[in-house]
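Enquirer: what's the 3D shape of this:
(chains A, B, C and D)
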2 protein chains.
Amino acid sequence: MTTRRVRARRGEGPLLREEILRAAEDLLAESGTEDALTLRAVALRAGVSTPSVYLHFADKEALVEAVCLRVWDELGRLFTENLGGGDPFLALGRCARAYARFALDHPVQYRVLMMRPSAAPGVPPAAAECFRHMVNAVAACVETRVFEGDPEEVALGLWSAVHGCVSLLIAQPGFPWPRDREALINQIVRMAGFGTALYSRLPATIPPSRELAADLDAFGARLARER
Amino acid sequence: MTTRRVRARRGEGPLLREEILRAAEDLLAESGTEDALTLRAVALRAGVSTPSVYLHFADKEALVEAVCLRVWDELGRLFTENLGGGDPFLALGRCARAYARFALDHPVQYRVLMMRPSAAPGVPPAAAECFRHMVNAVAACVETRVFEGDPEEVALGLWSAVHGCVSLLIAQPGFPWPRDREALINQIVRMAGFGTALYSRLPATIPPSRELAADLDAFGARLARER
DNA sequence: TCGTTAACCTGACGGCGTCAAGGTGAGATC
DNA sequence: GATCTCACCTTGACGCCGTCAGGTTAACGA
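Expert: As a prediction, this is how the structure comes out:
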């Protein structure tokens, strides 16, 4: 759309904000990289002059951030969906998988918001809500004693693990990744969940590898036998 | 240094490459962000005209990458140091901690190389060597049976966990991080290590949270009693 | 001394984010 | 219906950026 936009009527100025966001969103979807989001390109697409963008966004950074933030509402929905009920440990796992799937479904937006030096101090507002959800879910796991310690710290650890996996998948597609991404995510989520549950219970000095392996074998076998 | 560089003698053209890298390195260290690495600024600092940079680097991307790659030799050294000997599981832990420390010591370089869409396909050469080291270390752990499965896949999982933690620390300083970074790293490393060791041994369906917690308690207690 | 050529420079191009200033037309006012 | 007003948007420019085509300079071999 290079046709000139008709001027909004009085009191309807903010409409332009929405149209600019739409234009930027489309541009991002088509190009697949945020480099395509130049103010000129966005303004042209919205049928408006370049500096008009400044009527609704402080600078380019604010525009890009706003564009990428739009999809994060979806993530909030995913969290509340998956944290619904049932066993809190399983709920947390579902939640982590949903997070990973979300990130891989929106790689550009995820990169912009999570893998760049954030201009504003503090947590990105959208991520803050998700984090709050997650801390609650972890707290529920602490309640059932599957986790121990400060829910915030534990949540940060779990978040780190999942974020690490998806961010590497996004930024380093050249790594020797296994075919099945879903399986990899599952591996990470289980690793993080069980690892968190286990490590706080271990004595300060752990046995040598071979003995630890045998002990873990026994534990796994016993767990399998019991049910 | 804005003084003009004296022209290199015949056959000593490549010297300029080194001086440009030095200038860029200094600029990066002083500013703390790769945005300061403009070709003009680097060239000025090196006492040379802007297009002269192109005599030794294909484009800006190549220059920035070369600058950031310089510190990765150090990481290779750290790996071989820490993977030296002793229990392979412990060695892997030392290695992961060294990796994290390295990343936090060189946040800009780490971000540029690991948290951006890599232009070149395949693993960044410097990271590839580290990865090879890590796969070997994991293979040693598979040897002692503390880990199971394909060493490459397992290594990717461990790498993901540590990378996730440090990349979040670097890109999201506003998160409610605990005071003690070292402790956080330790938590992540232990989580990843023990989680990887444990999860492959568990039955397909795991017990509900409270029972799992009790089982893990018992396991931890038994392990503590045994030594 | 002179020609060759490696080493480097000049000047320019198009594109970028950003800003100061000006236009313009829809709706209120008379 | 004419006029005024000001919310909405444009024009034109600035300085910076990466990049390139072509020219200049000086170290060396003959």
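Enquirer: CA only for contacts and neighbour counts going forward, please
Expert: Fine.
Enquirer: who in chain A is up against DNA strand D?
Expert: Residues of chain A lying close to DNA strand D (CA under 7 Å from any atom of the strand) are A:4-14, A:16, A:47-52, A:55.
Enquirer: pull out the buried members of those residues.
Expert: A:16, A:47, A:48, A:49 (16 or more other CA atoms under 10 Å in any protein chain shown).
Enquirer: restricted to helices, list those.
Expert: Members of those lying in helices (criterion: DSSP state H): residue A:16.
Enquirer: what does stretch A:106-115 rub up against?
Expert: Applying CA atoms under 8 Å, 6 or more residues apart in numbering or on different chains, the external contacts of stretch A:106-115 come out as A:32-34, A:65, A:67-69, A:71, A:103, A:124, A:167, A:170, B:115-116, B:167-168, B:171-172.
Enquirer: the same query, at a cut-off of 7 Å, please.
Expert: For stretch A:106-115, contacts defined as CA atoms under 7 Å, 6 or more residues apart in numbering or on different chains pick out A:33, A:34, A:68, A:103, A:170, B:115, B:171.
Enquirer: so the closest residue to the third one other than its chain neighbours versus DNA strand D, what's the distance?
Expert: Across the structure, with CA to CA, 6 or more residues apart in numbering or on different chains as the measure, the residue nearest residue A:68 apart from its sequence neighbours is residue A:109 (4.7 Å). Per CA to the nearest atom of the strand, to the nearest Å, residue A:109 is found 24 Å from DNA strand D.
Enquirer: so after the helix or strand residue A:109 falls within, what's the next helix or strand?
Expert: In the assignment (DSSP states H and E), residue A:109 maps to helix A:107-114. As assigned by DSSP H and E, the chain's next helix or strand after helix A:107-114 is helix A:125-143.
Enquirer: nearest to residue A:25, of the contacts of stretch A:106-115?
Expert: Residue A:25 lies nearest to residue A:68 out of the contacts of stretch A:106-115, by CA to CA, at 8.2 Å.
Enquirer: sec struct for that closest one, please.
Expert: Using DSSP: H, G, I helix; E, B strand; the rest coil, the structure places residue A:68 in helix.
Enquirer: swap in residue A:148?
Expert: coil.
Enquirer: swap in residue A:179?
Expert: With three-state DSSP as the criterion, residue A:179 reads coil.
Enquirer: can you list phi and psi of it for me?
Expert: Main-chain dihedrals, residue A:179, degrees, to the nearest 10: phi -50, psi -50.
Enquirer: burial count for it?
Expert: 8 (other CA atoms under 10 Å in any protein chain shown).
Enquirer: and it, how close does it get to DNA strand D?
Expert: Taken as CA to the nearest atom of the strand, the span from residue A:179 to DNA strand D is 34 Å.
Enquirer: pLDDT below threshold where in chain A?
Expert: A:1-2, A:13, A:119-122, A:227 (pLDDT under 70).
Enquirer: the same query, at a cut-off of 80, please.
Expert: A:1-3, A:6-13, A:84-85, A:118-127, A:226-227 (pLDDT under 80).
Enquirer: quick one: the longest helix along it to chain centroid distance?
Expert: Once chain A is assigned using DSSP H, the helix that runs over the most residues is helix A:151-171. Taking CA atoms, centre = their mean, to the nearest Å, the mean C-alpha location of helix A:151-171 is offset from the chain mean by 9 Å.
Enquirer: cheers, nothing more for now.
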